[in-house]
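>>> starting from these lines, generate the structure:
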Amino acid sequence: MLTIHCAACKKKLWRYDKIGPGEVLRCHKDRITKVYSGQMHDKKIQCSCGRNIGIDKGKFYKMIRKAFTYKGTKRN
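Numbering: from 1, shown residues only. Got it, this is the predicted structure:
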């Protein structure tokens, strides 16, 4: 499980079950287990500090690379 954080203010955004190696480019909505904070504005996911984190593409969020960090382990 990964914990996704805002890169600007370091707030927790959500816990995500990442399957396989590789970068976090998409967060599938059905794999998000717990939401801590975050807001939707015109199909954009924003942290409470106002920074854009990702874009809603239907079944997943397309993540902006430099806008977030993560901690935890990926599942193979």
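
>>> give me the spatial nearest neighbour of residue 52, chain neighbours excluded.
residue 44 (5.2 Å; Cβ to Cβ, 6 or more residues apart in numbering). The C-beta positions use only the backbone N, C-alpha and C, and glycine is treated the same way.

>>> contacts only, for that neighbour.
52, 54-56 (Cβ atoms under 8 Å, 6 or more residues apart in numbering).

>>> tell me how far it lies from residue 21.
28 Å (Cβ to Cβ, to the nearest Å).

>>> chain center to the lowest-mean-pLDDT helix or strand in the chain, what's the gap?
Least confident helix or strand of the chain, by mean pLDDT, DSSP states H and E, is strand 39-41 with a mean of 85. Remark: strand 39-41 is offset 13 Å from the chain centroid, using Cα atoms, centre = their mean, to the nearest Å.

>>> could you pull out the strands in this protein for me?
Along the chain, the segments classed as strands by DSSP state E run 2-6, 12-16, 26-28, 32-35, 39-41, 44-46, 52-56, 60-63, 68-72.

>>> for residue 4, give me its contacts.
Residue 4 neighbours (Cβ under 8 Å, 6+ apart): 12-16, 24, 27, 53, 68-70.

>>> may I have the phi/psi pair for the closest residue in space to residue 21 that isn't next to it in sequence?
For residue 21, ignoring the flanking residues on the chain, the nearest one in space by Cβ to Cβ, 6+ apart is residue 74 at 6.3 Å. Main-chain torsions, residue 74, degrees, to the nearest 10: phi -100, psi 150.

>>> check contacts around residue 74.
2, 18-21.

>>> and if we set it to 7 Å?
2, 18, 20-21 (Cβ atoms under 7 Å, 6 or more residues apart in numbering).
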